[in-house]
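Enquirer: sequence first, then the predicted structure:
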Amino acid sequence: MVYLSKSKYCGLWQCPKIAWLKKYKPKKQTLDGGTLSRMEAGNEVGNLAKGLFGDYVEVTAYDGEKPDLSEMIACTQVEMDKGTPILCEASFSYNGLYCAVDILKKEDAGWAIYEVKSSAKHKKSDGTYDDDKEVYIADISYQRYVLEHCGVNVTGTYLVCLNGDYIFDGTLDLSKLFFISDVAEQVKNEIRNIEYNVAVAEKILQSAEEPNIDLSTACRKPYDCAFRSYCFRHIPKNSVFDLYRLPFKKQIEYYRKGWISYRDLQLNAPIKNDKQLRQIEYGLADKGIYADKAAIAAFLEKLTYPLYFLDFETMQPVIPQFVGTSPYTQIPFQYSLHYIEKKGGELKHTEFLAESGTDPRRALAERLCEDIPMNACVTAYNKAFECTRIRELATAFPDLAEHLLNIRDNIVDLLVPFQSGWYYNREMGGSFSIKSVLPAIFPNDPELDYHSLEGIHNGTEAMTIFPKIKDMRPEEREKARHDLLKYCELDTYAMVKVWEELVRAAKTEE
């Protein structure tokens, strides 16, 4: 007999190999900061959604640190027999298949399943909403299958997501925060696949031999697979999967043809993109630096003094905390600003870091207007992010809008020379993010090494730690703020160094 929880079933639905690896090689999982953040968000949303229909009874029970499934199943039956209208984590088991329902709601003729997800749904321009992810439907279908085989009359199946268009007005309204979709029709179609999938699981999970399942289009997002690194371990460095902006579907197509290494691609693949061809050429032979001096020089002419280098750090509260914001709104809480007032002038630095636990937007916007004068030339790396945040600040604070939008309109993107292919070396590979470009240009400079920083090394870590500072002890709070400042400062100092390299490259004699 195979034993499956709904999470294991969904892993099986995505790829049978995931289910096998979770059972036999769980230590091969790689849980990065982004994955852990999404798990935290899921827990936060799930806990809040329990109150969606008012008072509820939660049947969760523990045997030490582990959930006591037998006790939860027994408690569920007791509460259902009593007619308790709302149950959370209602638990059922049938022939080795186990599930806990996020919300089980009593109706006149039976019980309705409500599955809660932390993703947000948005209304589209045509009045419809984002499609439901297929894996969500598989999840709910599995639950319905188990409950019906336990004798429960399931009268409805619903998906509960966040309403991405909900705007917080100061009082959290759960009825507006959550978006409920009736997915009965999708479930009706998907539930037909349950027995086949369970039969596949029976065959695979009872074998100690790893299933021979090759890479496919299922190995990419939106299904974040914690075993991706393990399954890609046979792929060499500099492969088709590193190629700049080659669609994943096309990468898999080439992979299945055996065009995996750069040499394979050079000899066989019908590639015409100049940046991809240069990446392959430089990957196979270290040709130093490619620089289109005329294009770089023309780009640099757009920069004037005083010259500013700007970078934001943001957080994304899954549940909106500040008036005028929605689920997952990007909230800037920090910036770093390096600047040079005149040609040949001294490099200076200023910065802003809000107080954790407060709405940081107004204070940040005011300081930004103080630190950057009107009509000044500002640079950002991948400026769309900074420009969007500034536009949002201008909308939130109309009295500052003129100055903020002036800053936005004078931002020049330092990404352009790299993304346009005007500057390249082999170490950049297929990425032109600042985290790829910086070590490619300055490979042995500890001053520019993000790994040498203490505590915070990337934006995900910064985003995660800032909201927690308010609950820290004074000494921990001081260290966390120090680490945040140093991380963000390196982001703009990195931009300065990249700009200096572009200046050097534009002047270098042939």
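Expert: Yep, that arrived.
Enquirer: tell me, how many residues neighbour Tyr9?
Expert: Each residue near Tyr9 was counted by other Cβ atoms under 10 Å, and the total is 26. For glycine as for every other residue, the C-beta is placed from the backbone atoms N, C-alpha and C.
Enquirer: how near is it to Val146?
Expert: For Tyr9, the distance to Val146 equals 9 Å [Cβ to Cβ, to the nearest Å].
Enquirer: need the residues touching each of the two.
Expert: Counting by Cβ atoms under 8 Å, 6 or more residues apart in numbering, the common neighbours of Tyr9 and Val146 are Leu97.
Enquirer: list the residues that contact Phe241.
Expert: Taking Cβ under 8 Å, 6+ apart, we find Phe241 in contact with 232, 235, 251, 255.
Enquirer: most surrounded residue in those residues?
Expert: The most neighbours of any of these, using other Cβ under 10 Å, belong to Gln251, which has 21 neighbours.
Enquirer: check what pLDDT Asp131 gets.
Expert: Predicted confidence (pLDDT) for Asp131: 83.
Enquirer: sorry, slip of the keys, the one I care about is Gly430.
Expert: 91.
Enquirer: which element follows the lowest-mean-pLDDT helix or strand in the chain toward the C-terminus?
Expert: Counting by mean pLDDT, DSSP states H and E, the weakest-scoring helix or strand in the chain turns out to be helix 33-49, with a mean of 85. Next along the chain after helix 33-49, taking DSSP states H and E as the criterion, comes strand 57-58.
Enquirer: that following strand pairs with which strands, parallel or anti?
Expert: According to DSSP bridges, strand 57-58 has the following sheet partners: strand 86-94 (parallel).
Enquirer: export only the CA atoms of the partner strand, formatted as PDB.
Expert: C-alpha atoms of strand 86-94 as PDB (Å, rounded to 0.1, in the frame of the first residue of the first chain):
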ATOM      1  CA  ILE A  86     -16.400  25.300  10.400                       C
ATOM      2  CA  LEU A  87     -13.500  23.000  10.800                       C
ATOM      3  CA  CYS A  88      -9.800  23.800  10.000                       C
ATOM      4  CA  GLU A  89      -7.300  21.100   9.200                       C
ATOM      5  CA  ALA A  90     -10.100  18.500   9.200                       C
ATOM      6  CA  SER A  91      -8.300  15.200   8.600                       C
ATOM      7  CA  PHE A  92      -9.200  12.100   6.700                       C
ATOM      8  CA  SER A  93      -7.500   8.900   5.600                       C
ATOM      9  CA  TYR A  94      -8.500   6.300   3.000                       C
END
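Enquirer: next, the angle from that strand to helix 33-49.
Expert: Orientation check (axes from the mean of the first three to the mean of the last three Cα atoms, to 10 degrees): strand 86-94 against helix 33-49 gives 120 degrees.
Enquirer: strand 86-94: what's the following helix or strand?
Expert: strand 97-107.
Enquirer: in that following strand, what's buried?
Expert: Of the residues in strand 97-107, 97-106 count as buried by neighbour count, 16 or more other Cβ atoms under 10 Å.
Enquirer: what is the neighbour count of the closest residue in space to Glu107 that isn't next to it in sequence?
Expert: Spatial nearest neighbour of Glu107, excluding adjacent residues (Cβ to Cβ, 6 or more residues apart in numbering): Thr155 at 4.9 Å. When neighbours are defined as other Cβ under 10 Å, Thr155 has 15 of them.
Enquirer: try Ala384
Expert: The number of residues packed near Ala384 is 11, by other Cβ under 10 Å.
Enquirer: any idea how far Cys387 is from the nearest residue to it once chain neighbours are set aside?
Expert: Nearest non-adjacent residue to Ala384, counting by Cβ to Cβ, 6+ apart: Asp413, 7.9 Å away. Distance, Asp413 to Cys387, using Cβ to Cβ: 9 Å.
Enquirer: between the two, which contacts overlap?
Expert: Counting by Cβ under 8 Å, 6+ apart, the common neighbours of Asp413 and Cys387 are Ala380.
Enquirer: right, and Ser356 touches Ile469 too?
Expert: Yes: at 3.6 Å, Ser356 counts as touching Ile469 under the criterion of Cβ atoms under 8 Å.
Enquirer: which residues do the two both contact?
Expert: Taking Cβ under 8 Å, 6+ apart as the criterion, Ser356 and Ile469 both touch Arg477.
Enquirer: poorly predicted segments of the chain, please.
Expert: Where the chain drops to pLDDT under 70, the residues are 221-224, 508-510.
Enquirer: quick one: the helices in the stretch 351-500 of the chain?
Expert: Secondary structure of the stretch 351-500 of the chain (DSSP state H, counting those that start in this stretch): helices at 361-371, 384-396, 401-409, 416-419, 434-441, 459-465, 474-507.
Enquirer: verify the contact between Tyr9 and Glu190 for me.
Expert: No: judged on Cβ under 8 Å, Tyr9 makes no contact with Glu190 at a distance of 11.7 Å.
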